[in-house]
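Engineer: Quick one, fold the following:
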Amino acid sequence: MLDKTVSQADIAALMADIGRRAKAAARPLSIALTDQKNAALNAMADAISARRQAILAANALDVEAALASDMAASFVDRLKLDDARIGGMIDGIRAIAALADPVGDVIAEWDRPNGLRIERVRTPLGVIGVIYESRPNVTADAGALCLKAGNAVILRGGSNSFHSSRAIHACLVEGLEKAGLPADAIQMIPVSDRAAVGELLTGLGGAVDVIVPRGGKSLVARVQADARVPVFAHLEGLCHIYVDKSADPAMARAIVVNAKMRRTGICGAAETLLLDSAMDRALAADILADLTAAGCEVHGDNAVINLMPAATPATEDDWRTEYLDAIIAARFVDGIDGAIDHIAQWSSSHTEAVIAEDPAVVERFFTEVDSAILLHNASTQFADGGEFGMGAEIGIATGKMHARGPVGVEQLTSFKYRVRGTGQIRP
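Structural biologist: Take a look at the predicted model:
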């Protein structure tokens with residue numbers, strides 16, 4: 001690994017070399033046997049476990065720098081590793097190893113009247129560039145997922161997680177080498193200069209097949225504007241939770257607090273609370289009081305202020321803000337119609353939840369709300385590939401092309417057609 005900085009003149013050459021090596025590694029990786037990929041993944045998990053203290057020491061350097069720069073507490077939380085989070089990385093990699101190998105999977109097959117047998121078969125995408133910010137665990141998730149799907153990957157972590165990501169990446173390379181797979185299958189850009197991102201977005205001379213950005217709105221906007229290769233966009237998590245008048249009171253109170261406060265800095269944290277104007281006002285007051293008791297600041301409309309005079313009056317900006325902090329915007333809406341209208345206007349199409357016992361309300365919510373993930377009577381914090389049984393995910397794709405929702409191993413594949421004949425010619 002190089003130091004964090006390198007001269008501008010060298011960045012283009014550095015990135016071009018990374019691209020060439022990734023493309024060269026992608027070919028043998030695309031035909032690697034399932035057992036060999038799984039051996040590499042399990043060796044990666046073993047290496048992370050063995051180097052736990054070194055990873056924690058590297059992470060301490062990043063956290064110290066973040067605190068010194070007055071980074072918001074929610075972002076420090078995303079950056080910080082501990083034994084439990086390292087254990088989560090290890091479990092995630094082993095879970096990916098246990099997944100079925102998508103490469104070679106026959107998605108569909110059919111026969112034509114002329115006797116041709118046609119199969120649609122999953123194939124790797126090739127080389128994936130993953131750009132992410134402060135969460136160092138993405139290094140492990142992205143590397144493992146891309147490997148399982150037969151792809152080479154170029155990782156570009158945030159400068160604030162530089163030491164942590166390097167320490168984790170070293171474990172991934174160790175796993176590749178132990179399984180006899182090319183070490184260049186998982187590369188990490190060894191400089192923090194933003195110019196390296198610019199080079200990656202060019203596609204590195206055709207080496208990169210797709211870019212996956214995982215981070216804030218400004219990062220994703222830059223990637224979408226500048227990328228010359230396809231992008232799986234992971235936009236901000238402006239997630240809504242709607243409590244209908246038919247909601248079970250105890251369930252509503254528990255889910256709302258969990259959706260907002262379990263971890264405020266993740267993309268699946270609820271940012272806007274929509275309350276049915278026909279619901280019991282005592283329950284609404286209890287929900288707002290529960291949030292406050294949990295340490296959450298409430299920004300509310302006039303009806304919310306009437307119930308909770310200490311709440312901060314909401315402005316239009318509150319409806320478009322991903323706080324990633326212990327703040328929630330709350331308002332009353334005219335039933336399911338009002339909830340759907342509000343979400344359609346302000347949502348980032350990431351994740352929305354409805355708390356209701358009325359099946360007609362749930363059906364309308366599921367049918368009419370157009371977001372990547374919709375939940376009924378469950379916390380928005382489940383918007384995570386690991387919770388979907390996908391082992392892990394690189395991000396939540398909020399677009400509508402190719403991948404949508406958690407981007408796991410299947411979403412990191414394309415497909416090709418295999419056509420088997422017995423001598424047919426076209427008349």
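Engineer: going forward, measure contacts between C-alpha atoms and count neighbours the same way
Structural biologist: Noted.
Engineer: Show me what secondary structure element comes after the strand or helix carrying residue 129.
Structural biologist: For residue 129, the enclosing helix or strand under DSSP states H and E is strand 127-132. On the C-terminal side of strand 127-132, the closest following helix or strand by DSSP H and E is helix 137-148.
Engineer: Which strands or helices does the strand holding residue 129 pack on?
Structural biologist: Applying 3 or more Cα pairs under 8 Å, 6 or more residues apart in numbering; DSSP states H and E, one finds that strand 127-132 makes contact with helix 8-30, helix 137-148, strand 152-156, strand 210-214.
Engineer: again, only this time at 10 Å
Structural biologist: Judged by 3 or more Cα pairs under 10 Å, 6 or more residues apart in numbering; DSSP states H and E, the packing partners of strand 127-132 are helix 8-30, helix 137-148, strand 152-156, strand 186-188, helix 194-201, strand 210-214, helix 217-226.
Engineer: Same list, those, but as TSV with distance to residue 359, mean pLDDT and mean neighbour count please.
Structural biologist: Output for the helices and strands packed on strand 127-132, formatted as TSV (distance: least, Cα to Cα, whole Å; pLDDT from 0 to 100; neighbours: other Cα atoms under 10 Å):
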stretch	distance to residue 359	mean pLDDT	mean neighbour count
helix 8-30	46	93	18
helix 137-148	37	95	27
strand 152-156	44	97	28
strand 186-188	47	98	24
helix 194-201	46	94	20
strand 210-214	35	91	25
helix 217-226	35	84	16
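Engineer: tell me the mean pLDDT for stretch 296-310?
Structural biologist: For stretch 296-310, the mean pLDDT works out to 97.
Engineer: Quickly list the domain ranges of the chain.
Structural biologist: Using automatic domain parsing, the domain parsing of the chain gives 8-234+394-419, 239-388.
Engineer: any weak-confidence spans in the protein?
Structural biologist: 1-9, 235, 385 (pLDDT under 70).
Engineer: who are the neighbours in contact with the residue positioned nearest the centre of it?
Structural biologist: Nearest to the mean C-alpha position of the chain, counting by Cα atoms, centre = their mean, stands residue 395 at 1.8 Å. For residue 395, the contacting residues are 130, 132, 138, 141-142, 212-215, 232-235, 267, 383-385, 404-408, by Cα atoms under 10 Å, 6 or more residues apart in numbering.
Engineer: out of the helices and strands packed on strand 127-132, nearest to residue 95?
Structural biologist: Residue 95 lies closest, by Cα to Cα, to one member of these: helix 137-148, at 10.0 Å.
Engineer: Now the element after whichever strand or helix holds residue 95, going C-ward?
Structural biologist: For residue 95, the host element (DSSP H and E) is helix 83-98. Moving toward the C-terminus from helix 83-98, the next helix or strand (DSSP H and E) is strand 106-111.
Engineer: Let me know how buried residue 96 is, in neighbour terms.
Structural biologist: Number of residues near residue 96 (other Cα atoms under 10 Å) recorded here: 27.
Engineer: Can you give me the distance of it to residue 155?
Structural biologist: To residue 155, residue 96 is 18 Å away according to Cα to Cα, to the nearest Å.
Engineer: Also residue 183?
Structural biologist: Distance of residue 183 to residue 155, given as Cα to Cα: 13 Å.
Engineer: Which residue ranges of the stretch 251-400 of the chain form strands?
Structural biologist: For the stretch 251-400 of the chain, applying DSSP state E, counting those that start in this stretch gives strands covering 270-276, 297-300, 312-313, 327-333, 351-355, 373-376, 396-397.
Engineer: Make a markdown table out of the ones you listed and add mean neighbour count and distance to residue 175.
Structural biologist: What follows is the strands of the stretch 251-400 of the chain, written out as a markdown table (neighbours: other Cα atoms under 10 Å; distance: least, Cα to Cα, whole Å):
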| stretch | mean neighbour count | distance to residue 175 |
| --- | --- | --- |
| strand 270-276 | 27 | 37 |
| strand 297-300 | 23 | 45 |
| strand 312-313 | 16 | 51 |
| strand 327-333 | 24 | 41 |
| strand 351-355 | 28 | 34 |
| strand 373-376 | 21 | 33 |
| strand 396-397 | 28 | 26 |
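Engineer: mind checking which of these is nearest residue 112?
Structural biologist: Residue 112 lies closest to strand 396-397 among the strands of the stretch 251-400 of the chain, at 35.3 Å (Cα to Cα).
Engineer: elements contacting the closest one?
Structural biologist: Against strand 396-397 (3+ Cα pairs under 10 Å, 6+ apart) you get strand 210-214, strand 405-406.
Engineer: closest to residue 106 out of the ones you listed?
Structural biologist: strand 405-406 (21.5 Å).
Engineer: so how far is that closest one off the chain centroid?
Structural biologist: The chain centre lies 7 Å from the centre of strand 405-406; the measure is Cα atoms, centre = their mean, to the nearest Å.
Engineer: Any chance you could list what contacts stretch 342-349?
Structural biologist: With contact meaning Cα under 10 Å, 6+ apart, stretch 342-349 is reached by 234-242, 272, 274, 318-322, 333, 336, 338, 341, 352, 368-374, 397-400, 405.
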